[in-house]
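In: Starting from these lines, generate the structure:
(one chain, ligands or ions: 1)
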Amino acid sequence: MNHLVTIGDLSRDRIEGLLDLAAELDQPEKKHALSHLLRGYVVATMFFEASTRTRLSFESAALRLGAGVVGFAEADTTSTKKGETLEDTVRMCMAYGDVLVLRHPEIGSAARAAKVASVPVVNGGDGANEHPTQTLVDLYTIRKAFGKVDGLRIAFVGDLLYGRTVHSLLAALAKYTNITATLVGPKSLALPESHRRHATLHGIDLRDADRLEDAIPEVDLVYMTRIQKERFPPGAADVGGSYRLDAKMLGAAKKELRVLHPLPRVDEIATDVDATPHALYFPQAANGVPVRQAVLLSVLGVKP
Ligand code: CP
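Out: So this is what the prediction gives:
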């Protein structure tokens, strides 16, 4: 079965193929002209955790390709509230949909779903583990801005412990060459050792910086993340607001530096950054539609 559970499921060639397909679909004249591609298909969106971008961009991608959409946006409206297991919920949804897009708070939930599903499962975020389609959106945005991924220097800022988008993006960057990643964040939210080891083993030049100000002049990209308080164990110290980017700090940046953020932001990017030429996070989120169209076509084995 053609699941997308982890970015590790995809070779660099397959990633590049998906990004090429997204670029082919991402043309103004194609926006309203693709509804024949998935006519008759149904996409099931199973969102056990809050989402704006992932769910709505998947649903928009499906609808623009002509597919129908069924699903739920919170666990409380489903029979999991009555005690149904994830596996049984998956068994039901695969009877109603041709592909399942799953977001769930538990690490490994997408892999559990894939184990019982007879239709493709796409991981829309499993707890603090991975978010592979966000990584495809990130890489697409990077490639569009820089024309390449190899050789870039990226600062990862904020919650590197619970930040699943960081975990997946670093794993994908390990498939590219000559990448430098500078990690900036509170010590209590440092990148897990397994991710550090994997990145280093695969040739990423991994560095640490105490201050975002020190990293800014050195990098091509700043990848900001939200502090994920909802994943903190009870009683953990609040470190919100400790790494904040504002327009003044970007005075030391290269002209070409771009700021990414998977969003939502809380207070880690001041709104005065939005109007600078460095801000790329809103176009990044908009890229979710063509990228997820490419994912749906790919996992369903439909050629445009
Ligand atoms: N980037 C992202 O996953 O956003 P949502 O949580 O709004 O889906």
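In: what about the helices in the stretch 151-300 of the chain?
Out: 164-173, 193-201, 212-215, 281-286, 288-300 (DSSP state H, counting those that start in this stretch).
In: would CSV of these with distance to the ligand, mean pLDDT and mean neighbour count be doable?
Out: For the C-beta atoms, the positions are set from N, CA and C on the backbone; glycine is no exception. What follows is these, written out as CSV (distance: least, Cβ to the nearest ligand atom, whole Å; pLDDT from 0 to 100; neighbours: other Cβ atoms under 10 Å):
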stretch, distance to the ligand, mean pLDDT, mean neighbour count
helix 164-173, 6, 98, 25
helix 193-201, 18, 97, 14
helix 212-215, 21, 95, 17
helix 281-286, 7, 98, 18
helix 288-300, 8, 98, 24
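In: Show me the one of the ones you listed that comes nearest V222.
Out: Smallest distance to V222 across the helices of the stretch 151-300 of the chain (Cβ to Cβ): 7.5 Å, for helix 212-215.
In: Convert that closest one to CSV, retaining C-alpha atoms only.
Out: Coordinates of each C-alpha in helix 212-215 appear next as CSV, following Å, rounded to 0.1, in the frame of the first residue of the first chain:
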residue,chain,number,x,y,z
LEU,A,212,19.1,33.9,17.3
GLU,A,213,20.9,37.2,16.7
ASP,A,214,24.2,35.3,16.3
ALA,A,215,22.7,32.9,13.7
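In: For Q134, which non-adjacent residue is spatially closest?
Out: T165 (4.7 Å; Cβ to Cβ, 6 or more residues apart in numbering).
In: Same question for L34.
Out: Nearest to L34 is L65, by Cβ to Cβ, 6+ apart, at 5.4 Å.
In: What's the separation between that neighbour and the ligand?
Out: Distance of L65 to the ligand, given as Cβ to the nearest ligand atom, to the nearest Å: 19 Å.
In: can you check F48 too?
Out: From F48 to the ligand the distance is 12 Å (Cβ to the nearest ligand atom).
In: All the strands of the stretch 201-304 of the chain, residue numbers only.
Out: Taking DSSP state E, counting those that start in this stretch as the test, the strands found in the stretch 201-304 of the chain are 205-208, 221-224, 258-260.
In: neighbours of the residue nearest to L34, just the number please.
Out: 23 (other Cβ atoms under 10 Å).
In: Run through the residues that contact it.
Out: L34, S35, L37, L38, Y41, Q293, L296, L297 (Cβ atoms under 8 Å, 6 or more residues apart in numbering).
In: Secondary structure element holding the spatially closest residue to the second one that is not a sequence neighbour?
Out: In space, not counting the residues next to it along the chain, S35 is nearest to G66; the distance is 3.7 Å by Cβ to Cβ, 6+ apart. With elements delineated by DSSP states H and E, G66 resides in a region that no helix or strand encompasses.
In: Phi first, then psi, for G66.
Out: Backbone torsions of G66, given as degrees, to the nearest 10, read phi 90, psi 0.
In: Neighbours of it, how many?
Out: G66: 14 neighbours (other Cβ under 10 Å).
In: and the gap between it and the ligand?
Out: Taken as Cβ to the nearest ligand atom, the span from G66 to the ligand is 23 Å.
In: show me what contacts that residue?
Out: L34, S35, H36, L37, L38, R39, G40, Y41.
In: got a list of what the second one touches?
Out: If you count contacts by Cβ under 8 Å, 6+ apart, S35 has them with R64, L65, G66.
In: can you list those residues in CSV and add pLDDT?
Out: Output for these, formatted as CSV (pLDDT from 0 to 100):
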residue, pLDDT
R64, 98
L65, 98
G66, 98
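In: most remote residue from this structure's center?
Out: Distance from the C-alpha centroid of the chain, by Cα atoms, centre = their mean, peaks at K82 (30.7 Å).
In: so V119, which of the three states?
Out: coil (DSSP: H, G, I helix; E, B strand; the rest coil).
In: residues near it, how many?
Out: V119: 20 neighbours (other Cβ under 10 Å).
In: Quick check, it in contact with A95.
Out: No - between V119 and A95 there is no contact under Cβ atoms under 8 Å: 9.2 Å.
In: Now do the same contact list for whatever residue of the stretch 201-304 of the chain ends up closest to the ligand.
Out: Nearest to the ligand in the stretch 201-304 of the chain, going by Cβ to the nearest ligand atom, is P262, at a distance of 3.7 Å. By Cβ under 8 Å, 6+ apart, P262 lies in contact with R53, H131, Q134, V137, D138, T165, T225, Q284.
In: The strands of the stretch 201-304 of the chain into a markdown table, with extra columns for distance to the ligand and mean neighbour count?
Out: Below are the strands of the stretch 201-304 of the chain laid out as a markdown table (distance: least, Cβ to the nearest ligand atom, whole Å; neighbours: other Cβ atoms under 10 Å):
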| stretch | distance to the ligand | mean neighbour count |
| --- | --- | --- |
| strand 205-208 | 24 | 14 |
| strand 221-224 | 12 | 25 |
| strand 258-260 | 11 | 24 |
